[in-house]
Structures are given as C-alpha cells and as structure tokens.
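Novice: Got a sequence here, can you model it:
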Amino acid sequence: MPIRDYLSAAWLRLTRHIDGPLMAIVLLLMAVGAVVLFSALAPDTGRFIQQVKSAGIALALMWIVANIPPHRLAQIALPLYVIGVLLLIAVALFGVTVNGSQCWLSLGGFRFQPSELLKLAVPLLLAWYFQKAEARITFGNFLIAMALIALPAWLIKRQPDLGTALLVAVSGFYVLYLARLSWKVIFAMAASVVPLIWLFAHDYQKQRVLAFLDPSSDPLRSGYHTLQATIAIGSGGLTGKGWMNGTQTHLDFLPERHTDFIFAVYGEEFGLIGNVLLLALYTALLLRALMIASHASSLFDRLLAGAITLMIFTYAAVNMGMVSGILPVVGVPLPFVSYGGTALISLFICIGILMSIQTHRKLVAT
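Specialist: Numbers count the residues shown, from 1 in each chain. Next comes the predicted model:
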C-alpha cells in the first residue's frame, strides 16, 4: 500500500467518530479561550501552561468517549452516578477547602472537583432510567428521578456550592422535561423549592442576591464583583481596548478574572464586536448539538443529547448574565473559555458523547 493511502486510511480511522462541524466550533471557542485566558493570567504563564495540558487531556478523553457506542455509555450510567455520590460524601469528610468552599478532593497531589462529574452523571443516569421504562413511564418514575436529582444537589449545596448544585439539578430537570414531564409541574416544583433555597442559604449567598438587585448598595463587598464586571464590559465599547490592554483586568480591579468573570476580560479587550462573535459561536454550538439530539436513534440518545446541549447553553447564558449584571453571582465558569481543568474535561466528555450519538447513528443507518 502506498504511504499516502496508508496515511489516508489511518486518518479516516482516527477521525471516524469525530463530528467535523461540532469539532470546528469547539476548537474556535478554545482558541478564543486561549487568547483571553493568556491575558487574564498574565504574567502567570504557569497556570496557562497547565490549562493547555488540561486541554490536551480533555481532547484525548473526548476522542475516547466519541468512539464508545451510546449503548455502552448507558451501561456505565448507574456505576458512574454511584461513584459520583460516594466522591461527594468523601468531599464532605475529607475535602480540601478553597475560597471558603469544601469542594475539592486531593489524591496524590492531583486536585479535582467531584461535583463536575455529577453534571454528567445525573443526566446520563436519568436518560438510562427513562430508557428502561420507555414503554410505561408513570408519574412514579418522575418522583424517583427527582430523588436521584435531589441527592447529589443537596450534597453539593452543603459544600457550599449553590451555583453548581442548581446547575446539576437543572441538568436533571432538562431530562424530565424532554421525557415529557409537564412544564407546569416542573415550574410548580421550582416555585416551591425557591423559598427553601432562600431559607437555608448562607448569609453571603443571600447578600449576592440582594447585591444583584442593587449592587451600589454595597459597592465594596457584595456588589463589588458585579460593579467591576459591568464597568469592564462597558469600557470595552464597540471594538474593545485591545488584547492585553484591559485596565480593569491588569490593574487588578476585576476579581476572579480567569475563572467566573473571564467574560468581563473578553468584553473589555474585544468590545461589542467580540461579544457578538462569541455569542455567534455559542449559538452555532447550540444549533449543531440540537440537530444531533433531534436525529438521535433512541430515547436514551435523545434525552442525553438534549440534556447535554441545554446544560452547556445554560452554563454560557448564566455566566454571561451573571457577569453582565442581569443575573445574581453564582460562580459558574464560561464553557471552553474559563480556567479550570476539571470543568474543561467534563465539557469535552460531553462533546464526545454528542459525537458518539451522531456518528454511531450514521453507522447504524448505513
């Protein structure tokens, strides 16, 4: 076999389960993230290099997951959920505290956040559960599903990490909605839970909500993050101040600029035009993922792909809304842009699942 044919065949085998349009969109988002993250972390290049390493690991895991047939993923749904819950219990007993939250486990010098695993494990388990009960889904099935959502959400809320707990719960409720639980029931449950969340929320969490309503009431404490972020975005104007030239960023006015508030760094340096381009990329990602979900070949695939799609969209919308001052500060990273190895890996595993659903569907069809 000529070397060119050999390389061509090897490339086809390597990319057989990679969805081209989805991969192109994600790589563009990663490129944007690399540019803005380098500026946000400057002059600390060590963490930027660490993020690049995490990206390499994430891409490798995405490729592995993309090559696993969806029915094989269904088989690990329950074990993954159980492992995730056990890790959350381990966090409660032995976890490492960072910035006032006991969210991390440290194993042999490697630190990771088990709650990121539950963002995937919860919709995966629920999709598997409703697939098993496809022919006879009853309201009792929905009640069991709600309990499966509530357990990890409660454990994460205790850390305390209310933002992640709410997002894990939302990812589960997306599956319930896609499994045709009435939106009226979901709305009623959400309305009944909100007062309980407020009742058991910590004082600083309540202050964040009050600061969202009026940031200027406490500009140096609870309202500081929102005010500085909106100043940064507003000062970017139409075209931005230019890469590495953001004053709010590089004069250290902007807190958590490499994680939760990286969108403010981007907005300050690239302006409204840059923000529109970023929104266009997220919209393209949403549309491609929804197309994959709509063409899925089984109930499990449809529920899982739909929940993953809406979950990623929710993370992006909540982060941008939080930084822009139209939502309370809840500590949610911007997908594929914010610093954080565990979050990046979990996102790329989700992308790998979408690719698996798409490419294996094609193989079955042919």
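
Novice: Tell me the buried residues in the top helix by length along the chain?
Specialist: Using DSSP state H, we find that the single longest helix of the chain is helix 262-294. For helix 262-294, burial by neighbour count (16 or more other Cβ atoms under 10 Å) applies to 262-271, 274-275, 278, 281-282, 284-286, 288-289, 292-293. Where C-beta positions appear, they are placed from N, C-alpha and C, glycine not excepted.

Novice: I'd like the average pLDDT over that helix.
Specialist: Averaged across helix 262-294, the pLDDT comes to 94.

Novice: now stretch 187-201
Specialist: 73.

Novice: Which residues outside that stretch are in contact with it?
Specialist: Contacts with stretch 187-201, where a contact means Cβ atoms under 8 Å, 6 or more residues apart in numbering, come from Met146, Lys157, Leu162, Leu166, Phe173, Lys206, Val209.

Novice: Off-centre distance for it?
Specialist: 23 Å (Cα atoms, centre = their mean, to the nearest Å).

Novice: again with stretch 271-278
Specialist: For stretch 271-278, the distance to the chain centre is 21 Å (Cα atoms, centre = their mean).

Novice: contacting residues around it?
Specialist: Val32, Ile233, Gly236, Gly237, Leu238, Thr239, Gly240, Lys241, Tyr266, Gly267, Phe270.

Novice: State the distance from the last one to Ile18.
Specialist: Phe270 is 29 Å from Ile18, where distance means Cβ to Cβ, to the nearest Å.

Novice: try the first one
Specialist: Distance of Val32 to Ile18, computed by Cβ to Cβ: 20 Å.

Novice: likewise the fifth one?
Specialist: When distance is defined by Cβ to Cβ, Leu238 is 37 Å away from Ile18.

Novice: Looking at those two now, which is surrounded by more residues?
Specialist: Ile18 (17 against 8; other Cβ atoms under 10 Å).

Novice: Is the more buried one in a helix, a strand, or coil?
Specialist: Of the three states, Ile18 takes coil under DSSP: H, G, I helix; E, B strand; the rest coil.

Novice: Show the contacting residues for it.
Specialist: Trp63, Ala66, Met355, Thr359.

Novice: Now do the longest strand along the chain: which elements does it pack against?
Specialist: Counting by DSSP state E, the longest strand found in the chain is strand 101-107. The contact analysis (3 or more Cβ pairs under 8 Å, 6 or more residues apart in numbering; DSSP states H and E) places strand 101-107 against helix 77-94, strand 96-98, strand 110-112.

Novice: In the sheet, which strands lie alongside the last one, parallel or antiparallel?
Specialist: What it means is strand 110-112. When pairs are called by DSSP bridges, strand 110-112 turns out to pair with strand 101-107 (antiparallel).

Novice: how far off helix 77-94 does the partner strand point, in degrees?
Specialist: Interaxial angle of strand 101-107 relative to helix 77-94 (axes from the mean of the first three to the mean of the last three Cα atoms, to 10 degrees): 110 degrees.
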